[in-house]
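Visitor: need coordinates for the following:
(one chain, ligands or ions: 1)
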Amino acid sequence: MPRTNAPATDPDAGPAPLDAAEWRPRTLAAQAMGHIDPATRAVVPPLHLSTTYLRDPDNAYRSGFSYARPDNATTREAEGVIAALEQAEGGALLFGSGMAAAAAVFCALSPGDHVVAPQVMYWGLKRWLRQEAGRLALTVDFVAMDDLDAVREAVHPGRTRLVWIETPGNPLCTITDIAAVAEIARAAGARLAVDSTAASPVHTRPLAFGADLVMHSATKILNGHSDVVAGVLAFAGADPFAERIAAIRATWGAILGPFEAYLLMRGLRTLPLRAAAQSAGALHLAERLSAHPQVSAVLYPGLPTDRGHAVAARQMTGGYGYMLSIRVAGGEAAAVAAAARVQLWKRATSLGGVESLIEHRASVEGEGTPCPPDLLRLSTGIEDPDDLLRDLDAALRATQAG
Ligand SMILES: *Cc1c(COP(=O)(O)O)cnc(C)c1O
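Guide: Predicted coordinates for the structure are as follows:
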């Protein structure tokens, strides 16, 4: 008799599945961990929209779920995939955006705590820190994270509680040595958090280099289809700090909704393939654009001549990421004019989607940005890199001509 409602531990289900820790990332992602829905035998994890869960007669919640604001089944499923990809033994927490995830980390600190953050980091988070750190009674020092002596000097043992880094850094593609900063942070009794949005777990696993937590704007390559805003934190191990962050998410209602989590999981299935293709495309563009007469500089850690290449080669595997920046000979006006002329590239903000995007970044970041005015930030998608190159080349040449 066919069984339509077999429990997960059905003895007829065949041999016990391999421990997920034995699966390679591509396999984990492709099968979204290989979970089969115990109720229906569905191969694709179901989308659970319910906001509330039935209590058992003895008043317990045996499912582990009670209400969808602290936690819900579909969001937890997507968290499981990301935690596996990051090999995060402390699990992962999804938020309604990358900013919500990052803000929860800073809000989990205590009044009087000192934070060290990078000079070059996601501008929205830097602006938020500048505006809100005082209200949270945090003090923040912004340092050049590729200068380890400066990092050592900025960290105060016993007072510094968090070092925040971002590698590669948006939009200058600066590389930070995760293992070296982790050691400095640990020696001072501080935690290290890494914004790894531009690397993805395919190319870097910061927890393996000693970070305590890793953050992603899952809006970018994790989802990869420019149709979900989401953020995630993944933790190296059990940590009271992670519990405090989970409590903040639960009470402030910052959790990612199940529908977005479902779409994110769909995107995650192809993450390793997309990341490999996008990184290969970015490297091809970086190499070719380095020799372009209208390009004065290419910022990309995959280039052997790049300032961050040696460290990037140590901590990144399988590619150097989908983000690169170019500086246009002729300055700001030429950069804006070139961006105005592209056809295939889309003039839009954001990163990591399957479609390639181009942006004059200084106009977005405004006053006080470390981003030079002649810089265009490129997010390489999965199109044929030679088509992307032809389009950009034509735009740059037309700009020079007139
Ligand atoms: C986009 C981005 C963020 C912010 O994420 P949202 O999902 O837009 O809130 C943070 N860090 C980096 C590096 C980003 O690119």
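Visitor: please save the CA atoms from stretch 266-285 in PDB.
Guide: Taking C-alpha atoms only, stretch 266-285 is exported to PDB below (Å, rounded to 0.1, in the frame of the first residue of the first chain):
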ATOM      1  CA  ARG A 266      15.600  28.100  -5.200                       C
ATOM      2  CA  GLY A 267      18.400  30.500  -6.000                       C
ATOM      3  CA  LEU A 268      20.900  28.700  -3.700                       C
ATOM      4  CA  ARG A 269      20.500  25.400  -5.600                       C
ATOM      5  CA  THR A 270      22.500  26.900  -8.500                       C
ATOM      6  CA  LEU A 271      24.800  29.100  -6.400                       C
ATOM      7  CA  PRO A 272      28.100  27.100  -7.000                       C
ATOM      8  CA  LEU A 273      27.500  27.100 -10.800                       C
ATOM      9  CA  ARG A 274      26.500  30.800 -10.900                       C
ATOM     10  CA  ALA A 275      29.400  31.900  -8.700                       C
ATOM     11  CA  ALA A 276      32.000  29.900 -10.800                       C
ATOM     12  CA  ALA A 277      30.600  31.400 -14.100                       C
ATOM     13  CA  GLN A 278      30.400  34.900 -12.700                       C
ATOM     14  CA  SER A 279      33.900  34.900 -11.300                       C
ATOM     15  CA  ALA A 280      35.300  33.500 -14.500                       C
ATOM     16  CA  GLY A 281      33.500  36.200 -16.400                       C
ATOM     17  CA  ALA A 282      34.800  38.900 -14.000                       C
ATOM     18  CA  LEU A 283      38.400  37.700 -14.300                       C
ATOM     19  CA  HIS A 284      38.100  37.700 -18.100                       C
ATOM     20  CA  LEU A 285      36.800  41.200 -18.100                       C
END
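Visitor: next, the buried residues of that stretch.
Guide: 266-272, 274-285 (16 or more other C-beta atoms under 10 Å). (C-beta placed from N, C-alpha, C; glycine too.)
Visitor: that stretch near the ligand anywhere?
Guide: No. Against the ligand, stretch 266-285 shows no contacts by C-beta under 6 Å from any ligand atom, the least distance being 13.5 Å.
Visitor: now do that stretch, average pLDDT.
Guide: Mean per-residue pLDDT for stretch 266-285: 98.
Visitor: with stretch 352-364 instead?
Guide: 96.
Visitor: got the buried residues for that stretch?
Guide: So, applying 16+ other C-beta under 10 Å, buried residues of stretch 352-364: 352-354, 356-362.
Visitor: of those, which belong to strands?
Guide: Within those, residues falling in strands by DSSP state E are 357-360.
Visitor: okay if I get those residues as CSV plus distance to Val298?
Guide: Formatted as CSV, the entries for those read as follows, by distance: C-beta to C-beta, whole Å:
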residue, distance to Val298
Leu357, 17
Ile358, 14
Glu359, 16
His360, 16
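Visitor: could I get the residues you listed as CSV with distance to the ligand?
Guide: Putting these into CSV (distance: C-beta to the nearest ligand atom, whole Å) gives the following:
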residue, distance to the ligand
Leu357, 12
Ile358, 15
Glu359, 11
His360, 16
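Visitor: from those residues, pick the one nearest Arg397.
Guide: Ile358 (15.7 Å; C-beta to C-beta).
Visitor: and the one helix or strand Thr251 maps to, what does it pack onto?
Guide: Under the criterion of DSSP states H and E, Thr251 resides in helix 240-252. In terms of contacts (3 or more C-beta pairs under 8 Å, 6 or more residues apart in numbering; DSSP states H and E), helix 240-252 is packed against strand 92-95, helix 98-107, strand 231-235.
Visitor: confidence score at Asp195?
Guide: We have a pLDDT of 98 for Asp195.
Visitor: and the closest residue in space to it that isn't next to it in sequence, how many neighbours does it have?
Guide: Nearest residue to Asp195, sequence neighbours excluded (C-beta to C-beta, 6 or more residues apart in numbering): Glu166, at 3.9 Å. For Glu166, the neighbour count with other C-beta atoms under 10 Å is 25.
Visitor: which parts of the chain belong to which domain?
Guide: 11-269, 272-401 (automatic domain parsing).
Visitor: three-state assignment of Ala297?
Guide: strand (DSSP: H, G, I helix; E, B strand; the rest coil).
Visitor: in the sheet, who's paired with it?
Guide: Beta bridges link Ala297 to Arg327, judged by DSSP bridges.
Visitor: so it touches Ile326, yeah?
Guide: Yes. Between Ala297 and Ile326 there is a contact under C-beta atoms under 8 Å: 7.1 Å.
Visitor: more neighbours: those two, which one.
Guide: Ile326 (27 against 16).
Visitor: tell me the contacts of that one?
Guide: Residues near Ile326 by C-beta atoms under 8 Å, 6 or more residues apart in numbering: 289, 295, 297-299, 375-376, 378.
Visitor: name the nearest of these relative to Arg244.
Guide: Leu299 (36.5 Å).
Visitor: which residues of the stretch 51-200 of the chain lie near the ligand?
Guide: Near the ligand, when you scan the stretch 51-200 of the chain using C-beta under 6 Å from any ligand atom, you find 97-99, 122, 124-125, 166, 170, 195, 197-198.
Visitor: can you redo those residues as JSON lines with secondary structure?
Guide: Formatted as JSON lines, these follow (three-state DSSP):
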{"residue": "Ser97", "secondary structure": "coil"}
{"residue": "Gly98", "secondary structure": "helix"}
{"residue": "Met99", "secondary structure": "helix"}
{"residue": "Tyr122", "secondary structure": "coil"}
{"residue": "Gly124", "secondary structure": "helix"}
{"residue": "Leu125", "secondary structure": "helix"}
{"residue": "Glu166", "secondary structure": "strand"}
{"residue": "Asn170", "secondary structure": "coil"}
{"residue": "Asp195", "secondary structure": "strand"}
{"residue": "Thr197", "secondary structure": "coil"}
{"residue": "Ala198", "secondary structure": "coil"}
